[in-house]
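> coordinates for the following, if possible.
(one chain, ligands or ions: 1)
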Amino acid sequence: MYAVTDPATGELIEQVGNATDEEVRAAITRAHQGYEAWRRRPVGERAAIVARAAELFAERTDELAAIMTLEMGKRINEGRGEIGVVVDIFRYYAEQGPTLLADEPLAIKGGEALISKEPIGALLGVMPWNFPCYQVARFVAPNLVLGNTIVLKHASICPRSAAAIEDVLRAAGVPDDVYVNVFASSRQIPWMLADPRIAGVSLTGSEQAGISVAAEAGKNLKRSVLELGGSDPLIVLDTDDMDETVKATATARMRNCGQSCNAPKRMIVLGEIYDEFVDRLTKRVAEYYVPGDPADPRTTLPPLASVAAADEVAGQIAKAVEQGATLRAGGRRVGPGAYLEATVLTDVTPAMDAYTEEIFGPVVVVFRAETEQDAIRIANDSPFGLGASVFGTDPLRNQRVARQLEAGMVYLNSAGGSQADLPFGGIKRSGLGRELGPAGIEEFMNKKSIRL
Ligand SMILES: O=CCCCC(=O)O
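Predicted structure coming up:
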């Protein structure tokens, strides 16, 4: 059931009925029927509509941020920041799309060819609650410019974000058979994917959701983009400003209350600075992150997105401690609502669940590495491969380490975050495909070879 529940209080605000099977089928019919006309519109027209969407998102920043705060507890300023990234994404594809979609001439043996960049049809988007507007933007903006149409199934705790996004796109001039929001349930996804009128699927979500959707997409020979979990390592090789390094790493981990796929969840610190790093990080986490109202801009620690999410992370912490990890700070659920203290864990070993599983909340796990190679080994000793970070004072050393990391993205002396023009995606169990940047418009593209 789609519902709005305020995670700061646990109060149920509104329930929204799920779409019936007929309504879901009708949504697919609309997006399928809208495709022919949309793909035939000149790319400049589609780009102009996407540019207008960027303006409207910017105008409605405060309203959209407030919706996210209510639905999933995002700090209000982080919500405003998220809409800033959404605006950048819509602008980027509006501006760059026509160039990215230009024919590509190809000299071939015995003649010439060109690659014509064409859409493939109606796509299904299955989107999560952690960045309710950004996740939709990075799928929708490039595909609208390319000429695909979209059926969007949002997270069940974000019906107001879902409706507001549709409203913005409609106001920008996206026809109502080109972007269709539907309050479908996960149960309906398999047959939506089996419908021949759906050409592909993009999912951002858990590893488990990715496995199910990838299996259905595979069975039906549909293209899929999967942005799944991560347990990103952040290696600290050395520092000439420990306070700055601790602040930067804690900030990156606690962003969005720790609920980012690409947050640095594992800090891997070289032996000579490990004790000092852990002491200062523990102090920072214990003192700076204080539970508060996410609508108040002064709040440093908002609730998690739901009581269930907070309980799950608290359970992971308890299990780690039971299995022998050291709890340096936090660890307790705080109520009412979905609050969990900001937490630091150390002495996590490969025998513990916390070593390999993703912890989707305000929890930092710190590992000690004896050498640079040892740090790389620990970083790569994970089923995930989304992002990674390297902090250090020697740029060449940082790059040398970056090249040895099993990750889709590496940030040097910074962590996490997204930007419109930088491709985003992972390897290993973190998913398939790329979003954002030039790569983000190619995933659901027919790169048609025309031999001249
Ligand atoms: O959960 C994954 C999206 C991350 C967005 C960001 O870090 O900007």
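> okay, strands next: where are they in the stretch 351-452 of the chain?
Under the criterion DSSP state E, counting those that start in this stretch, strands of the stretch 351-452 of the chain are mapped to 363-369, 384-385, 387-391, 409-412, 427-428, 431-432, 445-451.
> now do the fifth one: which elements does it pack against?
Spelled out, it's strand 427-428. strand 384-385 (3 or more C-beta pairs under 8 Å, 6 or more residues apart in numbering; DSSP states H and E). Heads up, the C-betas are built off the backbone N, CA and C, glycines and all.
> residue contacts, residue 122?
28, 31-32, 34-35, 148-151, 197-199 (C-beta atoms under 8 Å, 6 or more residues apart in numbering).
> from those, pick the one nearest the ligand.
Distances from the ligand to these, taken as C-beta to the nearest ligand atom, are shortest for residue 150 (19.0 Å).
> from memory the closest one sits against residue 182, does it?
No. Counting by C-beta atoms under 8 Å, residue 150 does not reach residue 182; the two are 10.3 Å apart.
> related to what we said a few turns ago, ok, which of the strands of the stretch 351-452 of the chain comes nearest residue 75?
Nearest of these to residue 75, taken as C-beta to C-beta: strand 363-369 at 17.4 Å.
> how many neighbours does the closest residue to residue 142 other than its chain neighbours have?
Closest residue in space to residue 142, ignoring its immediate chain neighbours: residue 441 at 3.9 Å, by C-beta to C-beta, 6 or more residues apart in numbering. Residues lying near residue 441 (other C-beta atoms under 10 Å) number 24.
> list the contacts for residue 441?
Contacts for residue 441 (C-beta under 8 Å, 6+ apart) come out as 93, 97, 100-101, 142-143, 145-146.
> all helices of the stretch 201-350 of the chain, in order?
Assigned by DSSP state H, counting those that start in this stretch, the helices in the stretch 201-350 of the chain fall at 207-219, 242-254, 271-288, 307-322.
> okay, these in CSV with mean pLDDT and mean neighbour count next?
Listed next are those as CSV, based on pLDDT from 0 to 100; neighbours: other C-beta atoms under 10 Å:
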stretch, mean pLDDT, mean neighbour count
helix 207-219, 96, 17
helix 242-254, 98, 19
helix 271-288, 98, 16
helix 307-322, 98, 18
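> Throw those into TSV and include distance to the ligand, thanks.
Output for those, formatted as TSV (distance: least, C-beta to the nearest ligand atom, whole Å):
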stretch	distance to the ligand
helix 207-219	13
helix 242-254	9
helix 271-288	20
helix 307-322	13
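> isn't there a helix covering residue 137?
Yes. Assignment of residue 137 by DSSP: H, G, I helix; E, B strand; the rest coil places it within a helix.
> and it, how far from residue 2?
Separation of residue 137 from residue 2 (C-beta to C-beta, to the nearest Å): 20 Å.
> of these two, who's got more company?
Set residue 137 next to residue 2 and count neighbours by other C-beta under 10 Å: residue 137 wins out with 28 against 21.
> surely that one is in contact with residue 82?
No. Shown here, residue 137 and residue 82 do not form a contact pair, counting by C-beta under 8 Å, at 9.1 Å.
> so what's residue 64 up against?
By C-beta under 8 Å, 6+ apart, residue 64 lies in contact with 57, 79, 83, 133, 161, 164, 168.
> how about the residues of the stretch 101-250 of the chain near the ligand?
When proximity is defined by C-beta under 6 Å from any ligand atom, the stretch 101-250 of the chain lies next to the ligand at 130-131, 134.
> relative to the ligand, how far out is residue 153?
Here residue 153 is placed at a distance of 17 Å from the ligand (C-beta to the nearest ligand atom, to the nearest Å).
> contact partners for the residue of the stretch 351-452 of the chain found nearest the ligand?
In the stretch 351-452 of the chain, the residue that lies nearest the ligand is residue 418 (3.5 Å; C-beta to the nearest ligand atom). Residue 418 sits next to 85, 134, 138, 262, 424, 436 when contact means C-beta under 8 Å, 6+ apart.
> how about residue 91?
The neighbours of residue 91, taking C-beta under 8 Å, 6+ apart as the test, are 51, 54, 420.
> again, only this time at 6 Å
residue 54 (C-beta atoms under 6 Å, 6 or more residues apart in numbering).
> ok, now the one 10 residues further on?
Contact partners of residue 101, counting by C-beta under 6 Å, 6+ apart, are 43, 117.
> kindly report the same for residue 195.
By C-beta under 6 Å, 6+ apart, the contact set of residue 195 is residue 28.
> now do it, the pLDDT please.
On pLDDT, residue 195 comes in at 98.
> look up how far residue 31 lies from it.
10 Å.
> what's the single longest strand in the chain?
Ordering each strand of the chain by length in residues (DSSP state E) puts strand 111-119 first.
> on that earlier part again, out of the residues of the stretch 101-250 of the chain next to the ligand, which is nearest to residue 279?
Ranking these by separation from residue 279, with C-beta to C-beta as the measure, puts residue 130 on top at 30.5 Å.
> how about the secondary structure of the closest one?
Relying on three-state DSSP, one would call residue 130 coil.
> isn't it up against residue 259?
Yes. With contact defined as C-beta atoms under 6 Å, residue 130 reaches residue 259; the gap is 4.6 Å.
> of the two, which one has the most company?
residue 130 (26 against 22).
> give me the phi and psi angles of the more buried one.
Taking degrees, to the nearest 10, you get phi -80, psi -30 for the backbone angles of residue 130.
> OK, contacts around it?
For residue 130, the contact set (C-beta under 6 Å, 6+ apart) comprises residue 259.
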